[in-house]
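A.B. asks: generate a structure from the sequence data that follows.
(one chain, ligands or ions: 1)
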Amino acid sequence: MPRTSDVVVIGGGIVGLALADAWLERQPGSSVLLLEKEPALAAHASGRNSGVLHAGFYYAPDSLKARLTRRGNQLLRAFCAERGVPVRQTGKVVVAQSPEELPALHELLRRGQANGVPLELVDEAGLHDLEPLARTVEQALWSPSTAVASPSAVVEALAQRVRDRGGEVALGTAAVSAGPGWVITDRLGTVSAGHVINAAGLYADTVAHWFGVGTEYRMLPFKGLYWYGSWEPGRLQRHVYPVPDPRNPFLGVHLTVTVDGRVKIGPTAIPALWREDYGGLGGFDAGETWQVARTFPRFLRSAHHDVPGLIRTELPKYARRHLVRQAAGLVPSVRAEDFRIKGRPGVRAQLLHLPTRRLEMDFVVRPGERSTHVINAVSPAWTSALAVAEYVMREYGLASSSDEAGPVGG
Ligand SMILES: Cc1cc2nc3c(=O)[nH]c(=O)nc-3n(C[C@H](O)[C@H](O)[C@H](O)COP(=O)(O)OP(=O)(O)OC[C@H]3O[C@@H](n4cnc5c(N)ncnc54)[C@H](O)[C@@H]3O)c2cc1C
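C.D. replies: Numbering: from 1, shown residues only. Reported below is the predicted structural model:
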């Protein structure tokens, strides 16, 4: 007899856990089985990111990211308070490196205001009061609701809440195939499922394709490298970010403060050669490298992005000294000799829309037969995950009640 479950969630990153949690909150007593192929949680993006609770001001007001990041920030803070996960209230400054960047800085302010995010334009003296180590040209943007937490501590705590609500988190268990109403796993055999939720991160396109969903998309992985500083904890108090290039989906090299007050520089956005390409040959898969090699040229000829410019700016960042020089444009006291400790790299699961050759900038959720697919959980989905889950439950009719409009403390 195959095992049966009301819901099977494929993927135990923050998005899969948030969806399992939201289902159980709305349908207490139902059976939820979450499959995670790794023997431990937080092995991929959800444990390998900057841990920044974004405020939600970068995104076009009509996007899902705009709607779900501000809400996700509030929900994640409330969750951390409930579960005793430390959050460091750093805030964040976005600094201009030339007068030419000021219009883009003002556009961020306009977007933030449209998205209902608290933001303030400050002059050089105001920036000095907020973060004495940062430098800007004329003006900077101050975001008080940006913060930081340990990404893996949040994932572990959310997995615990799923278990507390009666869900089963099956570690070391991969879905090897699936379709409407069934999932074949490597460890538990076939599981018969009322509904399948795909939250497989770097493999979300593969899983969706099993259901005939999202076949116009291919995953293009981008690697993010970090370097930690040897500065004493607390020397830098705020996250310091550059003004991003609006043609590309990444925020540029920045300095973040960790929850324990250390400083790190990164991440890069270097094309990865396979999905879990964290360095060395770990996770190497020749088929995936071949697929990336076939997909990348389509991106290269995209009219929507400055791809040659992206390659010119990103590839040199493999060199630590170059990366640190970029960061010194934001915080002049940064020195290469102080940033020698390599951080755990992460890989961004970024979808390319094949017909338009456009990188998908927004979250993408698609319904399938007896299934729901979160196929572009790009940054800042770690911040937004609880709001993404709330949205998916309501929008796709997966649960009977939702309180999305209600206020959340914090
Ligand atoms: C370098 C970097 C920095 C970032 N910084 C931030 C930040 O500061 N703030 C922020 O909000 N966001 C940030 N992000 C984005 C954020 O990390 C992701 O958006 C988020 O973690 C996505 O979560 P996920 O659950 O979709 O993916 P994942 O964490 O990758 O989880 C997917 C899981 O599915 C599992 N899986 C895959 N296939 C199968 C299968 N067949 N069977 C079973 N399990 C499977 C994988 O093992 C994995 O654990 C960053 C991302 C990167 C890479």
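
A.B. asks: and the helix or strand hosting Gln74, is it in reach of the ligand?
C.D. replies: Assigned by DSSP states H and E, Gln74 falls within helix 64-83. No: applying C-beta under 6 Å from any ligand atom, one finds helix 64-83 separated from the ligand by no less than 7.8 Å. C-beta here means a position set from N, CA and C on the backbone, and glycine is covered the same way.

A.B. asks: which residues does that helix contact?
C.D. replies: Outside of helix 64-83, the residues within contact range by C-beta atoms under 8 Å, 6 or more residues apart in numbering are 53-56, 58-60, 85-87, 111, 114-117, 145, 147, 149, 154, 157-158, 160-161, 361-363, 365, 380, 383-388, 390-391, 404, 408-410.

A.B. asks: could you point out which element follows it?
C.D. replies: Counting by DSSP H and E, what follows helix 64-83 is strand 87-88.

A.B. asks: can you name the residues that contact the residue of the chain found nearest the ligand?
C.D. replies: The ligand sits closest to Gly13 of the chain, with a gap of 2.0 Å, by C-beta to the nearest ligand atom. For Gly13, the contact set (C-beta under 8 Å, 6+ apart) comprises 42, 44-46, 155, 199, 201, 377.

A.B. asks: do you know the pLDDT at it?
C.D. replies: Gly13 carries a pLDDT value of 98.

A.B. asks: how about the one 3 residues further on?
C.D. replies: Here, the pLDDT recorded for Gly16 equals 98.

A.B. asks: so how many other residues sit close to it?
C.D. replies: 30 (other C-beta atoms under 10 Å).

A.B. asks: ditto for Gln89
C.D. replies: Gln89 has 11 neighbours, counted by other C-beta under 10 Å.

A.B. asks: list the residues that contact it.
C.D. replies: Taking C-beta under 8 Å, 6+ apart as the criterion, Gln89 is in contact with Ala147.

A.B. asks: and Gly287, what pLDDT?
C.D. replies: pLDDT, read off for Gly287, is 91.

A.B. asks: tell me who's in contact with it.
C.D. replies: With contacts defined as C-beta under 8 Å, 6+ apart, Gly287 has no neighbours.

A.B. asks: tell me the phi and psi of it?
C.D. replies: Per-residue torsions, Gly287: phi -60, psi -40 (degrees, to the nearest 10).

A.B. asks: what's the answer for the one 5 residues further on, then?
C.D. replies: Comment: the main-chain dihedrals of Val292 come out as phi -60, psi -40, following degrees, to the nearest 10.

A.B. asks: for it, grab the count of nearby residues.
C.D. replies: 21.

A.B. asks: within reach of the ligand, which of the contacts of Gly13 are there?
C.D. replies: Filtering the contacts of Gly13 for neighbours of the ligand using C-beta under 6 Å from any ligand atom leaves 44-46, 199, 201, 377.

A.B. asks: what ranges do the strands span in the stretch 1-150 of the chain?
C.D. replies: For the stretch 1-150 of the chain, strands defined by DSSP state E, counting those that start in this stretch occupy the ranges 3-10, 32-35, 52-53, 87-88, 92-95, 120-123, 139-143, 147-149.

A.B. asks: contact partners of the helix or strand bottoming out on mean pLDDT in the chain?
C.D. replies: Least confident helix or strand of the chain, by mean pLDDT, DSSP states H and E, is helix 307-314 with a mean of 78. Contacts with helix 307-314, where a contact means C-beta under 8 Å, 6+ apart, come from 245, 247-248, 268-271, 299-301.

A.B. asks: farthest-separated two in those?
C.D. replies: Largest separation among the contacts of helix 307-314 by C-beta to C-beta: Thr268 and Arg301, giving 22.8 Å.

A.B. asks: can you show me the helices along this structure?
C.D. replies: For the chain, the helices defined by DSSP state H cover 14-26, 64-83, 102-114, 124-130, 151-164, 204-210, 286-300, 307-314, 320-328, 381-395.

A.B. asks: what angle separates the helix holding Gln74 from helix 102-114?
C.D. replies: Relative orientation of helix 64-83 versus helix 102-114 (axes from the mean of the first three to the mean of the last three C-alpha atoms, to 10 degrees): 60 degrees.

A.B. asks: alpha carbons of helix 64-83, as CSV, please.
C.D. replies: Extracted C-alpha coordinates of helix 64-83, given in CSV (Å, rounded to 0.1, in the frame of the first residue of the first chain):
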residue,chain,number,x,y,z
LEU,A,64,4.4,40.5,-6.1
LYS,A,65,7.7,41.3,-4.5
ALA,A,66,6.4,44.8,-3.6
ARG,A,67,3.2,43.3,-2.0
LEU,A,68,4.9,40.4,-0.2
THR,A,69,8.2,41.8,1.0
ARG,A,70,6.9,44.5,3.4
ARG,A,71,4.3,42.0,4.7
GLY,A,72,6.9,39.2,4.8
ASN,A,73,9.3,41.5,6.8
GLN,A,74,6.5,42.0,9.4
LEU,A,75,5.5,38.3,9.6
LEU,A,76,9.1,37.2,9.9
ARG,A,77,9.8,39.6,12.7
ALA,A,78,6.7,38.4,14.5
PHE,A,79,7.7,34.8,13.9
CYS,A,80,11.2,35.4,15.3
ALA,A,81,9.8,37.1,18.4
GLU,A,82,7.4,34.1,18.9
ARG,A,83,10.2,31.5,18.6
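
A.B. asks: what's the distance between stretch 24-32 and the middle of its chain?
C.D. replies: Averaging C-alpha coordinates over stretch 24-32 and over its chain gives two centres that are 26 Å apart (C-alpha atoms, centre = their mean, to the nearest Å).

A.B. asks: list the buried residues of that stretch.
C.D. replies: Within stretch 24-32, the residues scored as buried using 16 or more other C-beta atoms under 10 Å are 24-27, 30-32.

A.B. asks: next one: stretch 306-323
C.D. replies: 307, 310, 313-314, 317, 323.

A.B. asks: next: stretch 62-77.
C.D. replies: If you call a residue buried by 16+ other C-beta under 10 Å, then stretch 62-77 has these buried ones: 63-77.
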